[in-house]
Structure formats: structure tokens, C-alpha cells
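Q: based on what follows, work out the 3D shape:
(chains A and B)
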Amino acid sequence: MDGSQLLKGVLDLAVLAVLKERDGYGYDIVRRLREAGLHEVGDASVYGTLRRLFKAGALTSYVMASDEGPHRKYYGLNEVGLSMYAASAKTWSAFSKTMASLLKEGQE
Amino acid sequence: MTPEEYAQAVRDALADHPEREELLDDLDGHLAEIAAESGLPLEDRLGPPAAYADELAAAYGERPERRRGRRRGPREQAVRAHAFLMGYTPYRSLVGFLPELRPGWWVLRGYVLAMVLVSMAGDSGLAPATAADWAVAVACVLASVWFGRRRRGRLVVLLAVAANTVAGVAVFATMVAQPPSPAPDSVYMAEPAWVRNASSDGVYNIKPYAKDGTPLTDVYLYDQDGNPLTTDPERYGYTVDRSCGEPILNRYPLPLARENFSRTGPPSPSPSCADPAPSASPSAADREPTPGATPSPEATR
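A: Residues are numbered from 1 along each chain as shown, chains lettered A, B, ... in the order given. The predicted model follows:
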């Protein structure tokens, strides 16, 4: 199965998880997702997801001056985002546990 | 493509997105960040802007339902196609090269419009014929170039579009209206314009005669180019007699048989199957015995 197809379903949670760790700007979040092992994550997908989560009221945003170039727009989790993260993480944990046991049964 | 150009192409591709501004809020900064990090061009890193725009819109959420039913206008489709093609280097080079062709087009446009005017005045042709034609041509070319070099107001643009349309149509019409080169006509004897017979029936067979009235057989007929002259007997209810094998269709008279018609025999003498081609020397069977040549028993007695 193509990893990018799986990623589509959990990209929200991945982005929320990265932001829970610490605030970040668009490209920084892409980089951190890739460093975490999600190499197939698309730049536009992350950017679109960020904008959607922001629109949904899950993120705060603020602009910070940068030494290297233009001002950066940072995103962070607010209360809504934190509870969204908690709920999604719980769902994912249960789901992945189910999948793991299913695959284990299949191997026996 | 610079980050600004790339961002603009993405913006163009999402021209019909109802929440475009919200979606693309800090796209420029984001793209500048990516461009600053590596020396690679953005389109190599991120793919064509149109694909980037699609991925963005997909991640942002399903596009509102009303967009699906709505047909895109031709202008919108052109903008999207342009944004998509700008992701490819050959198209970008072409777009960059086109402005250099503009002065040439100005000259051609002026010349074509002059020829259109001259044609309307009575003369027709692709080149000026008289001194007056030349004057019109030079004036139109100069006017066209002057017009092309002007800064563009709304009226000027409209006039330019009109002039370009007329000139383009004229160029196309001239190319289409070139007289076609004569195609070689096939020789078709069934209804030949140059073969007349006394009756109104068509010609389906030919019966050659020698000067002294002797009917000739196995005469091969060809046209001036060496192509066989053939008739179309089937059109007149006759079939070529194939009982002796496939006949040669330009060897006259043709061995014809009329289907469902037994009043007369074949209208022409059929060549014998044993002798399909005229032989150089008569066979022994055809030779008349010459009485004087062979001595008779009485004479020797």
C-alpha cells in the first residue's frame, strides 16, 4: 500500500502532534514531519492542513521577525487544538492497536 | 520561477476558490522560505504550480459543492491551462520568446491588412502590383509598427485585437485559398468525355479493325502515359468471360458475356484459350497446304 494514501488520513494528527511539541511556522513543520520519518509528506498538503486547522479554530498564529528573511507566521495549539489532538490521538491509538493485533493474527 | 511567480501561478490556478485569500494567506512567505533553503528551482522541488494548487485545495478541504456543478468559463480554463503549462520549461521558454517575435508580427500584420485593402479596391494578389499598392503597403506597415509600439490603453488593446483578428483570418484564408495542384485524373472509359459513339449507350467494349476492314483481336490499348485503358462492362450488364482464366482488361475486344441474356452470343469474338497472346508465327494447324510446294504422286509419275 502506498504510504501517502495512509498519510492522508492521519496528517491532521501528525501536524497537531508536531505543534503540541512546540510552535512552528509552515516550512518548519514540514521539515519536522520529515525528520520524524514521514518522508512522503507533501509541502502543499501540510500547508493546506495548517490553514484548515487554523480556520477550524484549533490553532493560534502570530508573526515573528526572522533574522534570515521575511517575517514568519508561527502556529501553535490553543485549547480547541489541544482537545482535538487528545481525541484524535486516542482514536488513532485504538485503531493502530486493532490493526496490529489483526496483522498478528494474520501472520499466525 | 521566482517564489513570487510561483505564488502567482498558484493564485491563478485557484482563481475560482471561494476561500482563496484565506487559504493562501502566507503562501509567499512560505515559498520564499523553501526557496531560501535550497538552490533548487521551486518547480523542481514542489512540482508544477497547478499540481501544488490542487494538493493545497485538497488538503484544505473538499471544494464547496457548487463548484462541481459549475462549468468553467473559457477564460478560466485558459488561465488554469496557462498556470499548469508554466510548470514546464519548454512552455516557459516559448512564453519568454514570444515578445521577441512581436515586431515581426507588426510588419506582417500591416502588410496583410494592406493587401486586404488592395483586394477590396479591386486588385487581388499577394504582392502589391502598382505604385499605389506599394504606397498603401508601406503606410500600413508603418502604421502597424507605430501602433504596436504604443503604450496600451483599453481602446488601443481593442483595436489591436480587431486588427490582429482580421490579419490572422486573412493569412489563414490566403493559405487555404491557394489553387490546388492538379491531381492526376484516372482514365475511366465507362463515361469518357472524349469517346463518342453514335448511340447514346456507353462504351463498354472496343472492336478494332485494320485498314482493310479485317477485325483485329488481342489489341492492347494504353493512354499517353502508358496506363492501360479499361472499360467498365459491369455497368452495362456484361461480365468479362473468365472461363479461360483472368483476362487482361485492356486487351480488346474483351471477351464479354451478358448475364440473363441469351438472344445473342457473346458480342465479340472470344480469343481462344489456347492462344492468349498473339503469336509471332502462325501455327502449323492454321497453315494452308500449298499445292504447288508438295509434289503429287501424279506429277512424279
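Q: now the helices for the stretch 1-150 of chain B?
A: Assignment of helices within the stretch 1-150 of chain B using DSSP state H, counting those that start in this stretch yields the ranges B:3-13, B:20-23, B:27-37, B:42-46, B:49-60, B:65-69, B:74-85, B:89-120, B:131-149.
Q: mind saving the C-alpha coords of the second one as CSV?
A: In CSV, the C-alpha atoms belonging to helix B:20-23 read as follows (Å, rounded to 0.1, in the frame of the first residue of the first chain):
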residue,chain,number,x,y,z
ARG,B,20,-8.6,31.6,-1.8
GLU,B,21,-7.3,34.6,0.2
GLU,B,22,-7.7,32.7,3.5
LEU,B,23,-6.1,29.6,2.1
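Q: what is it packed up against?
A: helix A:43-55, helix B:49-60 (3 or more Cβ pairs under 8 Å, 6 or more residues apart in numbering or on different chains; DSSP states H and E). All C-beta spots, glycine's among them, are computed from the backbone N, C-alpha and C.
Q: apply 10 Å and report the result again.
A: Secondary-structure packing of helix B:20-23 (3 or more Cβ pairs under 10 Å, 6 or more residues apart in numbering or on different chains; DSSP states H and E): helix A:43-55, helix B:3-13, helix B:49-60.
Q: quick one, the second one and helix B:27-37 angle?
A: Looking back up the chat, that one is helix B:3-13. Inter-element angle recorded for helix B:3-13 and helix B:27-37: 140 degrees (by axes from the mean of the first three to the mean of the last three Cα atoms, to 10 degrees).
Q: quick one: which of the helices and strands packed on helix B:20-23 is nearest B:Gly168?
A: helix B:3-13 (25.8 Å; Cβ to Cβ).
Q: how distant is that closest one from the center of its chain?
A: 41 Å (Cα atoms, centre = their mean, to the nearest Å).
Q: tell me the mean pLDDT for that helix?
A: Averaging pLDDT along helix B:3-13 gives 91.
Q: look up how far chain A lies from the residue nearest to the spatial centre of chain B.
A: The centre of chain B sits closest to B:Val176, judged by Cα atoms, centre = their mean, with a distance of 10.6 Å. Taking Cβ to the nearest Cβ, to the nearest Å as the measure, B:Val176 falls 46 Å from chain A.
Q: not counting its neighbours along the chain, what's nearest B:Tyr236?
A: B:Tyr204 (4.4 Å; Cβ to Cβ, 6 or more residues apart in numbering or on different chains).
Q: the one you found: neighbour count?
A: 18 (other Cβ atoms under 10 Å in any protein chain shown).
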